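Student: Here is my input, please return the structure:
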Amino acid sequence: MTLSRIQRLEQLASQNNLHAIAIVPGANMMYFSGLSFHLSERPTIAIFAKGQTPSIILPALEAAKPDKAPFKMQKFVYTDEKGPAQAFAEACAALKLNKATLGVEGRRMRVLETQWFEKFAPEIKFSMAESIIAQLRMKKDADEIKMMKQAIDIAQKALTATLPMIRVGVSERDIAAELMVQSLKHGSGELPFQPIIASGENGSLPHAGVTDRKVKNGDLITIDWGASVNGYFSDLTRTFALGEVDSELRKIYELVKEANAKGREAARPNGTGQEVDRAARKVITDGGYGQYFMHRTGHGLGLDVHEEPDMKETETMPLEPGMTFTVEPGIYLPNKGGARIEDNLVITEDGAETMTSLSREFRQL
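Tutor: Residues are numbered from 1 along each chain as shown. Just a heads-up that it's a prediction; the model follows:
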């Protein structure tokens with residue numbers, strides 16, 4: 001599978017007048033090579049050029065890893081003592097990178113790597129390759145979707161196991177800790193992010209951090225969490241009430257629930273992220289809370305928690321079967337609280353499947 005991905009990557013690179021594409025450690029490295037490295041002070045870069053053996057510059061302590069790739073890789077290895085200069089010099093010469101245009105991950109490639117290329121290929125040019133890579137990664141195959149569904153199942157079971165400990169006087173931090181433990185116990189790999197536990201007034205912040213605030217009666221509690229299987233992520237959000245909440249908090253919850261449903265209903269092949277966003281946003285705007293929904297309706301999901309395609313006003317690219325993303329409208333009232341409901345979807349041949357199954361009905365803990 002990874003070899004066919006590389007062949008398609010090299011074909012797209014050639015069509016876009018790129019001599020090669022360089023990939024640093026992270027999701028793209030895993031996607032195209034099946035290899036996992038940490039982005040560190042020791043540069044590691046895979047380079048894919050049409051007609052060339054896939055190549056990798058890497059430190060000696062990692063030199064055995066490429067042997068596990070499902071295809072042969074040309075290695076340019078360096079030691080801590082000598083540093084990466086010679087490896088970059090040899091790679092630039094072997095791959096004829098001087099005067100070439102090299103596609104790079106603009107969001108992840110660092111000055112550290114680009115300066116080494118410029119030192120040994122002084123007339124090299126760099127071009128953002130995110131759009132090319134996204135063309136390949138957006139559409140998931142059956143195995144990828146299966147792993148995402150497994151990650152969703154783990155996350156849902158972890159939350160279900162955590163909910164009984166949420167009661168008056170328990171801190172956000174304690175809830176987050178229990179949810180993380182339960183996620184690992186239920187089979188998650190590396191967590192995609194630290195869970196968000198946003199209670200009471202903290203719920204007015206879409207990306208609230210975990211604090212020592214103790215939950216109390218009358219709070220809405222927003223829980224945003226996920227799990228992973230073989231690097232593929234789930235990303236869910238549910239909001240709960242602790243005891244009785246006031247009428248406005250109940251109102252915004254119901255609006256968010258309806259917005260979530262309308263957004264999911266709008267997802268379809270040949271539809272757009274814009275249509276999904278508009279469908280969800282209309283409910284909240286018509287309900288009088290449009291100014292308190294200040295983020296996109298959703299984002300792509302897979303080997304990254306945030307990837308293409310987005311569910312937002314400017315996203316007019318047609319949705320295609322295999323594309324996976326979130327639908328997560330929210331309302332955030334300053335100094336009072338907020339609500340968000342997030343589901344994970346996949347576009348099918350005739351519609352969209354909501355892969356998450358946890359109830360969205362208003363629930364008091």
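
Student: which residues of the protein fall in helices?
Tutor: For the chain, helices defined by DSSP state H occupy the ranges 2-15, 27-33, 85-94, 111-120, 130-137, 142-162, 172-185, 247-266, 273-286.

Student: For those, give me a markdown table that also has distance to G218, mean pLDDT and mean neighbour count.
Tutor: C-betas here are computed from N, CA, C, even on glycine. Output for the helices of the chain, formatted as a markdown table (distance: least, Cβ to Cβ, whole Å; pLDDT from 0 to 100; neighbours: other Cβ atoms under 10 Å):
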| stretch | distance to G218 | mean pLDDT | mean neighbour count |
| --- | --- | --- | --- |
| helix 2-15 | 51 | 90 | 16 |
| helix 27-33 | 41 | 95 | 22 |
| helix 85-94 | 60 | 98 | 18 |
| helix 111-120 | 50 | 97 | 16 |
| helix 130-137 | 43 | 94 | 17 |
| helix 142-162 | 21 | 98 | 20 |
| helix 172-185 | 16 | 98 | 19 |
| helix 247-266 | 8 | 98 | 20 |
| helix 273-286 | 23 | 98 | 21 |
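
Student: mind checking which of those helices is nearest T239?
Tutor: Proximity to T239 (Cβ to Cβ) singles out helix 247-266 among the helices of the chain, at 6.4 Å.

Student: Now do that closest one and helix 273-286, the angle between them.
Tutor: Relative orientation of helix 247-266 and helix 273-286, computed by axes from the mean of the first three to the mean of the last three Cα atoms, to 10 degrees: 160 degrees.

Student: ok now helix 247-266, how far from the chain's centre?
Tutor: Its chain's C-alpha centre lies 24 Å from the corresponding centre of helix 247-266 when counted by Cα atoms, centre = their mean, to the nearest Å.

Student: can you check stretch 344-359 too?
Tutor: Its chain's C-alpha centre lies 17 Å from the corresponding centre of stretch 344-359 when counted by Cα atoms, centre = their mean.

Student: got it, and stretch 94-101?
Tutor: Computed by Cα atoms, centre = their mean, the separation of stretch 94-101 from the middle of its chain amounts to 32 Å.

Student: cool, and stretch 43-58?
Tutor: The gap between the average C-alpha position of stretch 43-58 and the chain average comes to 25 Å, counting by Cα atoms, centre = their mean.

Student: Give me the average confidence score over it.
Tutor: In this model, stretch 43-58 carries a mean pLDDT of 95.

Student: Could you list the alpha-carbon positions for it in PDB?
Tutor: Coordinates of each C-alpha in stretch 43-58 appear next as PDB, following Å, rounded to 0.1, in the frame of the first residue of the first chain:
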ATOM      1  CA  PRO A  43      17.100  16.000  11.300                       C
ATOM      2  CA  THR A  44      15.400  13.100   9.600                       C
ATOM      3  CA  ILE A  45      14.000  13.600   6.100                       C
ATOM      4  CA  ALA A  46      12.600  11.200   3.600                       C
ATOM      5  CA  ILE A  47      12.900  12.400   0.000                       C
ATOM      6  CA  PHE A  48      10.700  11.000  -2.800                       C
ATOM      7  CA  ALA A  49      11.700  11.800  -6.400                       C
ATOM      8  CA  LYS A  50      10.200  10.200  -9.600                       C
ATOM      9  CA  GLY A  51      12.600   7.700 -11.100                       C
ATOM     10  CA  GLN A  52      14.800   7.600  -7.900                       C
ATOM     11  CA  THR A  53      15.000   5.100  -5.100                       C
ATOM     12  CA  PRO A  54      13.100   6.600  -2.100                       C
ATOM     13  CA  SER A  55      15.800   8.200   0.100                       C
ATOM     14  CA  ILE A  56      16.200   9.100   3.700                       C
ATOM     15  CA  ILE A  57      18.700  11.300   5.700                       C
ATOM     16  CA  LEU A  58      18.800  10.100   9.300                       C
END
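
Student: returning to what we had before: same list, the helices of the chain, but as a markdown table with distance to L102 please.
Tutor: Output for the helices of the chain, formatted as a markdown table (distance: least, Cβ to Cβ, whole Å):
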| stretch | distance to L102 |
| --- | --- |
| helix 2-15 | 10 |
| helix 27-33 | 14 |
| helix 85-94 | 10 |
| helix 111-120 | 7 |
| helix 130-137 | 12 |
| helix 142-162 | 28 |
| helix 172-185 | 39 |
| helix 247-266 | 39 |
| helix 273-286 | 30 |
